[in-house]
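> let me see the structure of the following:
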Amino acid sequence: MQRRDFFQVKFVVGVTCLTLILVLAIFGNVISGHDATEQDLMSSLQPPGLDNGGYYLGTDHLGRDILARMASGARVSIVIATSIVLISGVFGVVYGALSGYWGGIRDVALQKVVETFWAFPPILLALAILAFFGQSLGNIIIALAIQRWIPYCRIARAQAMVLRNREFVSASKIMGGGTGWVVTRHILPNVLASAIVIATFSMAGAILAEASLSFLGLGVPPEVPTWGGMLAEGRSYVVGAWWIAVFPGLGIFFTVLGLNLLGDWLRDLLDPKSALNLR
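Residues are numbered from 1 along each chain as shown. Below is the predicted model of the structure:
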C-alpha cells in the first residue's frame with residue numbers, strides 16, 4: 001500500500017465512523033421508537049435482537065432502551081465536545097496570537113498565566129470545579145475547557161513570533177495597521193490550519209474526558225443518558241447483560257477513532273512537507 005492510499009483510507013474510515021455517530025444522534029430515537037428515560041421493568045435486561053419488542057440493542061436493568069440512550073449519549077458528547085472546541089479554540093488562538101505578536105514583558109506575563117493553568121492536573125481541576133459548582137451541562141463544558149485552550153495558545157504564539165517579523169506584517173504596520181488589524185488580517189489566518197488540526201484531536205480528548213467524568217458520576221446530571229454513565233451502570237452486568245456496557249463503549253471507540261483518523265488526514269493534508277510526499 002502506497003502512502004497516498006493510506007492517506008485516503010484514513011479519510012474514508014474517519015468520515016464513515018463519524019457519519020455513523022451523527023446518524024445515531026439524529027435518527028436514533030426515531031429508529032428505536034422509545035424514550036431514553038422510559039422505564040419498563042417487565043422488559044428489563046432484554047438482549048439485542050429484532051423480535052424483542054423493538055428493543056434492537058436490548059434494554060438495561062430498568063427496562064430502558066439501549067438504542068435510545070445511545071442516541072442521547074451521542075448528542076450529549078457532540079454538544080459538549082463542539083462547545084469545548086469552540087470556546088477553547090477561539091480563546092486560545094487569540095490569546096496566543098496576541099502574546100506572540102506583542103513579545104517582550106507582555107508576552108512573559110501572559111505566558112505565566114498559561115504556566116499557572118498548565119500546572120494543575122486536568123482531571124483533578126475538572127473534578128474540583130464540578131464539586132464546587134455542581135453538575136450541569138454548562139459546568140462540565142467550563143471544567144473541561146478551562147485547560148484545553150493551552151495547546152491552541154502555544155501553537156498560535158509560536159507562529160505569531162515568526163510571522164511578526166515577516167515583510168507583509170512590517171508593511172502593514174508601516175501603512176498604519178494597529179495590533180487588531182495585523183492580528184486579524186495577517187496572524188490569525190495563518191494559524192487557522194494548525195488550529196483546525198488541534199481542534200479535531202481536542203474533540204476526541206473532550207469526549208473521553210466527559211465519558212470519564214460521567215463514569216465517575218461527576219458529569220452531567222444523572223438523569224441525562226451519557227455513554228460514560230451507561231458504562232458505569234453496565235459494569236455490574238457485564239457477565240449476564242454485556243450489551244449494557246459494550247454498546248456505549250463501542251460508541252466512544254468509533255467516535256474517538258473517527259476523530260483521530262480525520263485529524264491525521266487533516267494534518268497530512270495541511271502540512272506542506274507531507275503534501276509533497278503524497279504526490
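> so who does the closest residue in space to R64 that isn't next to it in sequence touch?
Leaving aside its sequence neighbours, R64 sits nearest to Q39 (CB to CB, 6 or more residues apart in numbering; 5.9 Å). (C-beta placed from N, C-alpha, C; glycine too.) The contact partners of Q39, taken as CB atoms under 8 Å, 6 or more residues apart in numbering, are L62, G63, R64.
> could you look up the SS state of D35?
Secondary structure, DSSP: H, G, I helix; E, B strand; the rest coil: D35 is coil.
> I figured A241 was touching M230, is that so?
No. Assessed by CB atoms under 8 Å, A241 is found out of contact with M230, at 11.9 Å.
> those two: which is more packed in?
A count of neighbours by other CB atoms under 10 Å puts M230 above the other of A241 and M230, at 27 against 20.
> what's the helix or strand for the more buried one?
According to DSSP states H and E, M230 maps onto helix 227-234.
> torsion angles phi and psi at T59?
Dihedral angles of T59 (phi, psi; degrees, to the nearest 10) stand at phi -130, psi 160.
> mind checking the SS state of the most centrally placed residue in the chain?
Nearest residue to the geometric centre of the chain (CA atoms, centre = their mean): M203, 1.7 Å. Classification of M203 using three-state DSSP returns helix.
> setting aside sequence neighbours, what's the nearest residue to it?
A81 (4.4 Å).
> any idea of the pLDDT on the one you found?
We have a pLDDT of 93 for A81.
> which helices and strands does the host helix or strand of it pack with?
Assigned by DSSP H and E, A81 falls within helix 66-102. Applying 3 or more CB pairs under 8 Å, 6 or more residues apart in numbering; DSSP states H and E, we find helix 66-102 packed against helix 3-32, helix 104-118, helix 137-148, helix 150-163, helix 179-182, helix 188-215, helix 227-234, helix 243-270.
> buried stuff in the fifth one?
I take that to be helix 179-182. Using 16 or more other CB atoms under 10 Å as the test for burial, helix 179-182 gives V182.
> on contacts alone, who are the packing partners of that helix?
Partner elements for helix 179-182 (3+ CB pairs under 8 Å, 6+ apart): helix 66-102, helix 167-174.
> would you turn those into a markdown table with distance to S212?
Conversion of those to a markdown table gives the following (distance: least, CB to CB, whole Å):
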| stretch | distance to S212 |
| --- | --- |
| helix 66-102 | 12 |
| helix 167-174 | 42 |
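> mean pLDDT lowest where, among those helices?
helix 167-174 (a mean of 83).
> closest one to Y237 among the helices and strands packed on helix 179-182?
helix 66-102 (11.6 Å; CB to CB).
> off-centre distance for that closest one?
6 Å (CA atoms, centre = their mean, to the nearest Å).
> buried residues, that helix. List them.
Neighbour-count burial for helix 66-102 [16+ other CB under 10 Å]: 66-78, 80-81, 83-85, 87-89, 92-102.
> one more: stretch 235-247?
Applying 16+ other CB under 10 Å to stretch 235-247 flags A241, W243, I244, A245, V246, F247 as buried.
> rounded mean pLDDT for that stretch, please.
Here stretch 235-247 scores 91 as its mean pLDDT.
> which residues are common contacts for A241 and M230?
Jointly contacting A241 and M230 under the rule CB under 8 Å, 6+ apart are D60.
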